[in-house]
Each structure stands twice: as C-alpha cells, then as structure tokens.
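Requesting a structural model of the entry that follows:
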Amino acid sequence: MTSLPIDPQLIADQNARLERHVRNDYEHLGEQLARRDVDIERIAAQVAAFGVAIPSWGVGTGGTRFARFPGAGEPRDVFDKLQDCAVIHQLGRATPTVSLHIPWDKCSDYSELRGQAQAYGLGFDAMNSNTFSDQAGQPHSYKFGSLTHTDAGTRAQAVAHNIECIEIGKALGSQALTVWVGDGSNFPGQQHFRRAFDRYLDSTRQIVAALPADWRMFLEHKICEPAFYSTVIQDWGSSYLAATALGPQVQCLVDLGHHAPNVNIELIVARLIAANKLAGFHFNDSKYGDDDLDAGSVSPYRLFLVFNELVAAAHEGVAGFNPAYMLDQSHNVTDPIESLIDSAEQVQRTYAQALLVDRAALDAAQQANDALAATKLLKRAFQTDVQPLLQQVRLRAGAAVDPIATYRASGYRARVGAARPARAGGGGGIV
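Next up, the predicted model:
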C-alpha cells in the first residue's frame, strides 16, 4: 500500500497544540448560532460531506503568455501530480477527487494509477480533453479550430481525442467529460459564425454518442482567448443552446474566471439551475484575466452569492440538482500546493456561510419586497466567522487544524525538490 505523503504523527503533534483552542472556539460559535436557531452540528456534518476536486495541472507552477518561472519539486508525471494532490487532501480532507487532463496526464498503466489513487484515498473527477494546443505527432493542427474546424479531418481528430478521454476515464472510474475549445476567430470576417456553431454541434453529438449512460458531458464557455475577436462557445447563452440541442447528458460548466467584467454570475447560476443545465463549477478568482487568482482572494462576497444560489437550490429540493465542484487556478508566484489548500478551505468556508442563511426569513423578506432586510440576512451569514467550525471538522477527520502551517513544518516541498529534477525556466505558456 502506498504510504501517505505527510507523516500522520506530525499532523497529530501539530493538532495537539491547538486542540483545546479549537474545542473552546467551536463551543462558543455553537452558542452564538444556537441563538439564531442554528444547530452547529448539522452545519458541521454538511461541511464534512462537501468536497471539491483538485485539477492535476494545478499542482504545477503556472505562467502567462510572457513567461513561466518554475518552482522546486515540480511534478514530472501524473504519479507525482497524484502525490501532491494527496498532500492537499490529507491536510484538509476537502479534496477527495482529482481531475485529469489528457494528453498531459497520459500513462502506460491506468489500473496502476487508479490503485495509487485509492491508496491515497482519492478518486477521479471529470476528465478534460485538450484540443486547444497541438501535440507531437498529430496529423492535423488546431491553429484554426478543432471541433469547429472547416476541415472534416481535423474535426474527426478532435472527436476521436475526446472519445479517447472517455475510455481513459472509464478505466479510472470517472463519470464526466469536460470539453473546452479555444475555437473562434481573431479577425472580423474570418469565420462564419453560424456555420462554426453548427460544426460544433455536429462534432459534439458524436462525442455524446460515445458517453456511457451514467456519464455527463460538461460544456465550458469562455469569453475570449486564444480567439480574441469571437469565440464559438463564448458565454452561458451559447453553452446553454448547445447543451439543450445535445440532450439531457450535456450541461453547462461555469468557470468564475471566464466572464466579461461585471457579469452577474450568481444570476447565471440561478438560470442554469432552473433549466436543469448546471453542470458545476471551476472555482478561482479574477481581476483582469482567466484563472489568475486563488478562489475568494479578490471577490469573496461574489463567491458567497454563488453559493447562496447553490444552497437555496439544495434546500428547495430542485430536481436533478447535482453540481460538480473543482478548483481551476494558475499559481504563478506561490507554492501551488499551498494555494490549492487555501482555495479549498475558502470554498468550504463559503459553503458553510451559505448554509447559515435563514431561508425562511429570506423568503419572507423577498415576498414582502423588503430589500434591506433581505440583503442584511445575506450579510449576516457572510460575516459569520466559521473558522472554528472548519477547524473542528478537520480535527475530527484526522486532517490538520492549520493545514498550511503543518505543510510547511513537514518539509514536503524541500523533500520532493531534492527528488525531482529542477525544470528550466524562461518560456511562455500557461502550463
């Protein structure tokens, strides 16, 4: 059996210094919540059951179109990535699954990979295809598109790659495929908009036909990049149109960094929930670009408002509501493991805060058109410090009360830095 990457005794020793404070703080928070008729144990149980997937590519150092500055101990292959993901889950117990990207994460033995994941206590989330960059040896280039390319041979190649991802996912126990394409145009007149969308539908129908009956397909939209004039699946509207045309197994994925400035993302979430087309989320934060910041680092209240819609849908028992959650971030100046630990905790924290909204009171305020009372109910939940609850949940699960401090105390980065050869820097590219 594969040993866990962090010594459990170190975690226990680190927790022992804090356990009394965690217990006292948790009891105090419980008393505060009880005055609001909230059972802290009920909230703790829901938070303990919550999980967000880790992207395999997220444990490597990211970059921009201008440069990439590699860090020490970067993973060399998918097995190294899995080990780094295991660190994140062992310390936080909030990230039980890993999302792979093909062909970046190809290996010779997927049964071995699945076995190692199980030994770490991990499973596999959605598979991700890559038809936005060319790979060595492929006969057709994606420079001018993939699933929407004017050339039938290029489209067939992109379809075949997505079907390959499904087959790999079946071997790993995944049940979803995420499809994002960079297809679009960089000049007015370059592309016939309607024909390109029709080609997209024709290609994706072939992929849907290869899905197992218990799988879902997630369509991911993005406003721009690498196509800076037009993008084929540029917003939730085009994604919804495609998902509706493609059938019940196909839904719309919301990446928080893929929208125009000032777009009301929580409203989009509500619309997709109502249409039974919300696939789930890629969590990150953004100021100017795509996936450039850790979740909640700039707009934590916006993240809360998104979770408010999610918790409301679960509370109301919306039929078919089953969103998938994943982090999708580029870590350019931080240790990727630390950023992912912190982001997973932020997402977990925001979920806990959304669970504190008084739904009955909010319904009454909305019905009475009492705008101030309604917004204050949301603010009251958002401003509640749920850190003691998160710490107690981790303590009970055998995770670290202070995950990043424990990670640093473990010396894991220095250890893998010595075992994994350093990578040369200088080149551009996001991954």
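
pLDDT on stretch 179-194, on average?
Mean pLDDT, computed over stretch 179-194, is 98.

Please apply the same query to stretch 63-77.
89.

Just the buried positions in that stretch, please.
Judged by neighbour count using 16 or more other C-beta atoms under 10 Å, the buried positions of stretch 63-77 are 63, 68, 71, 73-75. C-betas here are computed from N, CA, C, even on glycine.

Would you reformat those residues as a markdown table and include secondary structure and distance to residue 117?
Shown next, in a markdown table, are those (DSSP: H, G, I helix; E, B strand; the rest coil; distance: C-beta to C-beta, whole Å):
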| residue | secondary structure | distance to residue 117 |
| --- | --- | --- |
| 63 | coil | 27 |
| 68 | coil | 27 |
| 71 | coil | 24 |
| 73 | coil | 20 |
| 74 | coil | 20 |
| 75 | coil | 14 |
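
farthest pair in the residues you listed?
For the buried residues of stretch 63-77, the maximum inter-member distance is 16.8 Å, found between 63 and 73 (C-beta to C-beta).

What sits closest to the residue positioned nearest the centre of the chain if chain neighbours are left out?
Relative to the mean C-alpha position of the chain, the nearest C-alpha, by C-alpha atoms, centre = their mean, is the one of residue 326, at 1.8 Å. Of all residues not flanking residue 326 in the chain, residue 53 sits nearest, at 4.0 Å (C-beta to C-beta, 6 or more residues apart in numbering).

Quick check: which ranges of the stretch 1-150 of the chain have low pLDDT?
Applying pLDDT under 70 to the stretch 1-150 of the chain flags residues 1-2.

change it to 50
The model of the stretch 1-150 of the chain has pLDDT under 50 over residues 1.

Now do the helices in it.
8-16, 19-34, 40-49, 78-92, 110-119 (DSSP state H, counting those that start in this stretch).

can those helices go into TSV with extra columns for distance to residue 215?
Listed next are the helices of the stretch 1-150 of the chain as TSV, based on distance: least, C-beta to C-beta, whole Å:
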stretch	distance to residue 215
helix 8-16	35
helix 19-34	39
helix 40-49	23
helix 78-92	21
helix 110-119	17
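
closest to residue 403 out of these?
The nearest among the helices of the stretch 1-150 of the chain, by C-beta to C-beta, is helix 78-92 at 4.0 Å.

Also compute the angle for that closest one relative to helix 8-16, please.
30 degrees (axes from the mean of the first three to the mean of the last three C-alpha atoms, to 10 degrees).

residues in contact with helix 78-92?
4-6, 11, 54, 56-57, 59-60, 75, 95-96, 98, 100, 104-107, 113, 116-117, 120-122, 336-337, 340-341, 344-345, 348, 394, 399-400, 403, 406-407, 412, 416, 420 (C-beta atoms under 8 Å, 6 or more residues apart in numbering).

Would you mind getting the angle between that helix and helix 110-119?
Interaxial angle, helix 78-92 versus helix 110-119 (the same axes, to 10 degrees): 10 degrees.

Could I get the buried residue list for helix 78-92?
78, 80-92.

Please apply the same query to stretch 310-324.
Neighbour-count burial for stretch 310-324 [16+ other C-beta under 10 Å]: 310-314, 323-324.

now do stretch 170-183
Judged by neighbour count (16+ other C-beta under 10 Å), stretch 170-183 contains these buried residues: 172, 174-183.

Look at it and report the distance between its end residues.
Using C-alpha to C-alpha, to the nearest Å, one end of stretch 170-183 lies 27 Å from the other.

how distant is that stretch from the center of its chain?
13 Å (C-alpha atoms, centre = their mean, to the nearest Å).

let's have the chain start at 22 instead
Yes, from this point I'll number from 22; that puts the last item at stretch 191-204.

Would you mind confirming that residue 74 makes contact with residue 146?
Yes: between residue 74 and residue 146 there is a contact under C-beta atoms under 8 Å: 3.7 Å.

JSON lines for the buried residues of helix 99-113, including distance to residue 262?
Below are those laid out as JSON lines (distance: C-beta to C-beta, whole Å):
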{"residue": "99", "distance to residue 262": "35"}
{"residue": "101", "distance to residue 262": "40"}
{"residue": "102", "distance to residue 262": "35"}
{"residue": "103", "distance to residue 262": "37"}
{"residue": "104", "distance to residue 262": "41"}
{"residue": "105", "distance to residue 262": "38"}
{"residue": "106", "distance to residue 262": "35"}
{"residue": "107", "distance to residue 262": "40"}
{"residue": "108", "distance to residue 262": "41"}
{"residue": "109", "distance to residue 262": "36"}
{"residue": "110", "distance to residue 262": "37"}
{"residue": "111", "distance to residue 262": "42"}
{"residue": "112", "distance to residue 262": "42"}
{"residue": "113", "distance to residue 262": "38"}
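
What is the nearest of these to residue 59?
Out of the buried residues of helix 99-113, the member with the shortest distance to residue 59 (by C-beta to C-beta) is residue 113, at 23.8 Å.

Buried only: go through the contacts of helix 99-113 for me.
Buried among those by 16+ other C-beta under 10 Å: 25-27, 32, 75, 77-78, 80-81, 96, 116-117, 119, 121, 125-126, 134, 137-138, 141, 143, 357-358, 361-362, 365-366, 369, 415, 420-421, 424, 427-428, 433, 437.

Mind checking which of the residues you listed are in strands?
Among the buried ones among the contacts of helix 99-113, the residues falling in strands (DSSP state E) are 75, 119.
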